[in-house]
Structures are given as C-alpha cells and as structure tokens.
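> Pasting a predicted model and its sequence here:
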Amino acid sequence: MKWNKGYTISLSLIAGCAWLVFSLFMAVSNGAKEMDLHTVWTAVFDYNASLTPHQIIHELRLPRVLGAALTGMAFAVAGAIMQGVTRNPMADTGLLGVNAGAAFVVALCFALLPALSYSHLMLLSFVGAALSTLFIMLLGSAAPGGLTSLRLTIAGAVVAAILHSLSTGIAIYFDLSQDLAFWYAGGVAGIKWMHLKLLAPVILAGLAGAMLLGRPITFLSLGEEAATGLGIKTARIRILGLLIAVVLAGASVSAAGSIAFVGLVIPHMARRIVGVDYRFVLPFSALLGGSLLVWADFASRMVNPPREFAIGAMVAMVGVPFFLYLARKERREL
Amino acid sequence: MDQSAYRARRAITVSVVMFILAIVVILIGLNTGTIRLSPLAVWQTLLGGGTTEEQMILFDYRLPRIVVTMLGGIGLGVAGAVLQGVSRNALADPGILGLHAGAAFGLIVFVSFFRTMEGSLAMLIPMFTFAGGSIIAIVIILLAYDRQRGIMPIRLILVGIAIEAGVSAITLFLSLKLDPDTYTFAARWLAGSVWGRDWINVWALLPWIVILVPIIYLKSKTLDLFSFGDEIASGVGSSVTRNRLLMMILAVALSCASVSMTGGIGFIGLVAPHLARRLAGPQHRYFLPAAASIGLVILVAADTIGRSIFQPNAIPAGVIVALIGGPYFLYMLFRKKV
C-alpha cells in the first residue's frame, strides 16, 4: 500500500515534468509562423542569429514561453503555500490583495514618476504587493478569534477594493487613461531576456525555498496543535512561508500582471492527485501551474491571431467555474 | 414598554439629527463647485430670485445632480440594510455581492458595441447597467441556493467574490479595446463618479425610490423576523423562503437602479445600515429611515468633496466613499466575531 502510493506520486511527478516540457515545445514551435521541431531544436541549442526563424524563436517566443512557465510556477506555488499556511482552501494571491497592492504602487509610479525604467517598476510593484499582503495578514491576526479563513478572505477583498478604488482615483486624476489597465491585464507577451534575467533568479530562489518548507507546511496544514506537538516552530514557518509566497506572487504579478485563480485552482488539483503531503504538492503545483500558463498564453495568441486575448480572462474562464464548485462544496459555516 | 418608548424616542432623535445634517450637506453641496454661490444667493435663487446665471447654475447643473445623489444614497443605504437583514450577515453589501461588477460589465458591453456616450443613445446606459447588475445578482443568488437549506449566507459571499472576479476579468479584457476617451468615461463610471446630472436622470430614478422604499418599509416586521433565524421566523407564520426571495429582489432592484444613475459606488450599502443600527437600534422600522438618511448624507458629502477639493480633475464620489467606508468596514469586521 505504502509502495503503491509512492509509486503514484513519482509517476505523477515524472508525467508532470514531461507534460511541462511538451507544453514548452508546443508553445515555442507553434504561433503565427509554424516551425518544425528541428528548427526549434537548432534555434535553442545551436543558435544562428542570421536565420529569421531562429531569431523569432530566440528573441520572441523563447523568453515569452519561459516567462509564462516561470510566472505560472510562481503563482501556483505561492497559492499552495498560502493555502497550507493559512489552512484556508480559498486562499489565493489574487484574492489576498497582492495584485491590488502592486497595481496601486504602479498607479503611483505612472502618475508621479513616469520616466521610471521597467526594472524599477517591477521592483516597486513587488514592494507594493508585499506591503498590502503584510497589512492584510496583520489585520487578520489582530482580530479577536485570530486568523479565520472567512475573515482573511473578506479582509483581502475589502483592502483590495480600497486599493483598487484608490488606483482608479489616481488614474483619473492624473489622466493615465488605459495605461494602468494595460499593465493590470499584463500577460507575458512583453517579457524579454532582459526581464527574465531579473525574474528568473528571484522566482527560482523562491521555488527552492518553498520546496525546503514542504515538510513543516504539511504539518501546519494539519493544524496548529499537531504541528507544535511535532516540534515545528509554527510562527517561524508561517512567516517564512508567507514571505516566500509574497516574493513569488509579487515577482510574477510585477512581470505578468494580475492573473487570478492560478494560485487557487492548481494546488487543489495537485492535492487531489498527489495527496496532502506538501513535499509533493509544491513541486507538482509548480509543474501544473507552469504548464497551465504556457497553455493559456498559447491559447491567448492562437484564438484570434494576430490579436491577443488577455491571458487573465483566459485563466478566469477555467478558474471561476472551479471556484464555484469549491464554494458549493463548502457546507460548513467556515 | 418603557424600553420601546425609549427606542422610539431615540429613533426620532436620530432621524431629526440626520435630517438637519442632510439639509446642511445639501446646502453646502449647492454652494460649492467651480463657481461658488453664497448660501444667501442659493436661498434667494431657490425662492425664485437671483440672476439668470445663478438660476442656470442652480437649476440646470447643481440641483439635478444633487437630487440624483440624494436618491442614490437613499437607495443604496436601504438596499444594503435589506440585504444585511435578509442574509443575516452584517457584512453583506451590494458591492460585495457582485452587483457592481455586473453593472460595470453592462456598461462596458454598452460602450464596446455602441461606442457613444452622447445623445439619445446614452439614455440606454442605465438600462444596460441595470440589466448587468440584476443578471449577475440573479446568477449569484441561484448559485448560492441550496435545495435543502435555502440561500446560505457564507456561500453567498464566496460565490459573490468568485463571480465578481470572473466578470471583472472579462470587463478588463473588453475595456482594453476601447478608445482612450470612451475608456476614460467608463473608468470614471466604474470608480463611482455620479454621472446622472440632468433632470431626466432624476425622473428615471425617482419612481424606483418612491415606490420600492415604502414597500420595503412596510415590510419592516418581516425583516425583523429574519434576525431571529429561520426556525423562529417560520414558526410565527412567516413564509421564510418566499419572503427572503422577495426582499432580495426588491433590494437588488433598488441598488441596481441607484447604481445605474450614480455609477459604481460601493460601501454605502454596507456602512450606512451599520451606523444606522448602532444609532437607532435593530428594529427595521426605526433604523431603515436612519439608513436611508445616512446613505444620503454620505453620498452627497462624498460627491461634494470629490468635485470641490480636487480640481480640475474631480475625484469620483466612489473613491471618497471607499476611503471612508473601507476602513470602517475593516473596523467592523475585526471588532466582532464573524
């Protein structure tokens, strides 16, 4: 029985890896211009700058697809950590104010520092995401009765609504028109190698840190008493976990804009397949999340070429029905 | 007996104070704007005097706008009170329940397909926002409905959040395709900039308020029964499910009508009933009028602040309301166990 379970888990992880690699290849080789696999292969591993197909793949598609994979992984793992640490099955970076905080700071930057470089903008939006999440967490913990999942969800929604309202106010007052909406809708189309150089180390470090926390998060997700009984320093793990989640989500929001539901839906799927052990849930979420965004991005440019469909709307089409399904299953009064 | 007399006296005091406050806010609102009118000039003009210019400013620009904000504030305050009573959830709010996202969706659909904010077609905007808000509300109510247990308050909130997020994603997607001018109009509307500024908007909103608010007020006793819980309510002979549905529909209609004239203004439906309940007590016949007048005061004040302090680009009233209402909401959320 024990062997059987381990077998399922390793098989799922291997299949997940294979699926992600397959998705990457599909997304790189298909697009406005079809490429055969050989061209893709040589463009990646034997790059020749004088060939146009090589250039398209190397300069446009590869960074974009890698960006989609990285941000998808980051969103999914951040969501999984948040759900485990807060023991709230509805936790999601989008619902917890990460996106709204980032958007608010970006609105401020557009209004007051219009000449800001893209990398600085990324950094600042990241800071905004971190601050708003911390604020919501602190509010949640300060209340009598502690951090209940309903309270966290509502606090997140309200703080997000306030920040959103403020951002719109700033955008209207300073006549920013659609700039903010375009940033908010984001998408990975604009990701270039230059940005990947900034993004990849942060996200990979965050993912590595998350994997190290797999065991303690599993115990935390079983309940405070169980974790303390097993010698886990719950407060430390909770803070570390949330920090990593904010780093991951903040980095991906700053690069790809507000993509809700990845962090919510993917961990649920992962738990259903590999069980409740976060040592496996986290890497499997990363694989699934990465592939989901690669496919969503792929679909968004294939629906109506050469125009692109907003990737956030694409993900919402999958995410909303799933969230509703979860909400309907929620029979207890939280 | 003493207690009910005390409550009645207290409710009357609150109503009188609110009435005076409302008059003050309205008068300040009439005075301020790009062109300032002195209180005396306002008074004289209202009584039929004043110069032609003063008459034009007052009767063609300021008065209709203020009447729309007054009516909208009343509508949102009362609708919020009903929703909170019906769902037995002190945190229920038309905005949280997806009505605004739906109304915004209706607006974006309208401007995406007609691409106009001028002329007679613009009069269709309220119809689209009204339809959007009520359709989304119905979807949420249906999805939150459980065959055995009726509408579960907690599920209502969760479903509301999800639907709102999904609809907002589509709204965002559509709004990216708008040209900058149309987008600016839509963004202002979404942020709750009172857009109904003509007498025709007043006449469109007035019937909803004049008809629905008294009906709701007559149902005060029914609303009171909900707070005892479903078992007791049905024990005294109130048909719980039917009444809940009816009251919910009334509240949805009221807030959709208000929002379609004032723009996407959140938090009033939440904050006004709360304050009213604290001031006038939990009985609906006492606190409904208070909720209506507090809603009126908040919205007229927010609109006046937004258009007078921040010049030349007025800040939408919705932003001001969120800045005041949001923190109050959080304060309520964390003061008590939910």
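In hand now; what should we look at?
> Could you use CA atoms for every contact and neighbour count after this?
Fine.
> List the contacts of the residue nearest the centre of chain A.
Nearest residue to the geometric centre of chain A (CA atoms, centre = their mean): residue A:75, 1.4 Å. Residues in contact with residue A:75 (CA atoms under 8 Å, 6 or more residues apart in numbering or on different chains) are A:93, A:248-249, A:252, A:262-263, A:289.
> for the record, mean pLDDT for whichever strand or helix holds it?
When elements are assigned from DSSP states H and E, residue A:75 belongs to helix A:62-86. Throughout helix A:62-86, pLDDT has a mean value of 90.
> What's the first helix or strand after it?
Counting by DSSP H and E, the element after helix A:62-86 in chain order, helix or strand, is helix A:98-112.
> Residue A:165: what's it in contact with?
By CA under 8 Å, 6+ apart, residue A:165 lies in contact with B:191, B:318-319, B:322.
> Show me the shaky parts of the stretch 101-250 of chain A.
Within the stretch 101-250 of chain A, the ranges that satisfy pLDDT under 70 run A:143-150, A:153.
> Which positions in it make contact with chain B?
Within the stretch 101-250 of chain A, the residues that sit near chain B (CA under 8 Å from any CA of the partner chain) are A:139-140, A:142-145, A:150-151, A:155, A:157-159, A:161-162, A:165-166, A:168-169, A:172-174, A:177-178, A:181-182, A:185.
> Now do stretch A:187-196: distance from first to last residue.
Terminal residues of stretch A:187-196 lie 14 Å apart, using CA to CA, to the nearest Å.
> Show me what counts as buried in the strand or helix carrying residue A:200.
Taking DSSP H and E as the definition, one finds residue A:200 inside helix A:193-212. Neighbour-count burial for helix A:193-212 flags A:193, A:195-196, A:199-200, A:202-203, A:206-207, A:210-211 (criterion: 16 or more other CA atoms under 10 Å in any protein chain shown).
> what do you get for stretch A:137-144?
A:137, A:139-141, A:143.
> Just give me the neighbour total for residue B:42.
Look at residue B:42: counted by other CA atoms under 10 Å in any protein chain shown, it has 22 neighbours.
> In terms of helices and strands, where is it?
helix B:39-46.
> which residues touch residue A:68?
So residue A:68 contacts A:188, A:290, A:293-294, A:297 (CA under 8 Å, 6+ apart).
> Most proximal residue of the stretch 201-334 of chain A with respect to chain B?
Going by CA to the nearest CA, chain B is nearest to residue A:313 of the stretch 201-334 of chain A, at 5.1 Å.
> nearest residue to that residue other than its sequence neighbours?
Nearest in space to residue A:313, with sequence neighbours left out and distances taken as CA to CA, 6 or more residues apart in numbering or on different chains, is residue B:169 at 5.1 Å.
> can you map out the helices along the stretch 101-250 of chain B?
B:125-144, B:153-175, B:180-190, B:199-218, B:220-226, B:230-235, B:240-262 (DSSP state H, counting those that start in this stretch).
> where among those is the average confidence lowest?
helix B:230-235 - the lowest mean pLDDT of those, at a mean of 66.
> Now residue 12: which helix or strand?
Answering for chain A, as no chain was given. Element membership for residue A:12, per DSSP H and E: helix A:2-29.
> you looked at the wrong chain, it should be chain B
Going by DSSP H and E, residue B:12 is in helix B:2-31.
> Which strands or helices does that helix pack on?
helix B:39-46, helix B:63-87, helix B:268-280, helix B:284-308 (3 or more CA pairs under 8 Å, 6 or more residues apart in numbering or on different chains; DSSP states H and E).
> For residue B:299, give me the pLDDT.
90.
> Dump the C-alpha coordinates for the helix holding residue B:42 into PDB.
Provided in PDB are the C-alpha atoms of helix B:39-46 (Å, rounded to 0.1, in the frame of the first residue of the first chain):
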ATOM      1  CA  PRO B  39     -25.700  80.500   0.800                       C
ATOM      2  CA  LEU B  40     -27.800  83.600   0.600                       C
ATOM      3  CA  ALA B  41     -27.700  83.600  -3.200                       C
ATOM      4  CA  VAL B  42     -28.700  79.900  -3.200                       C
ATOM      5  CA  TRP B  43     -31.600  80.600  -0.900                       C
ATOM      6  CA  GLN B  44     -32.700  83.600  -3.000                       C
ATOM      7  CA  THR B  45     -32.400  81.700  -6.200                       C
ATOM      8  CA  LEU B  46     -34.300  78.700  -4.800                       C
END
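> Going by neighbour count, list what's buried in that helix.
For helix B:39-46, a neighbour-count test (16+ other CA under 10 Å) marks B:41-43, B:45 as buried.
> now stretch A:37-44
Buried-residue list, stretch A:37-44, by 16+ other CA under 10 Å: A:39-40, A:43.
> How about stretch B:10-23?
B:10-12, B:14-15, B:18-19, B:21-22.
> try stretch A:310-318
If you call a residue buried by 16+ other CA under 10 Å, then stretch A:310-318 has these buried ones: A:310-316.
> List the contacts of residue B:265.
Contact analysis of residue B:265 by CA under 8 Å, 6+ apart lists B:95, B:100, B:190-193, B:259, B:317-318, B:321.
> if we go to 6 Å?
Residue B:265 makes contact with B:192, B:318, according to CA atoms under 6 Å, 6 or more residues apart in numbering or on different chains.
> and if you look at residue B:228?
No contacts exist for residue B:228 under CA under 6 Å, 6+ apart.
> closest point of the stretch 1-150 of chain B to chain A, which residue?
Closest residue of the stretch 1-150 of chain B to chain A, CA to the nearest CA: residue B:144 (7.3 Å).
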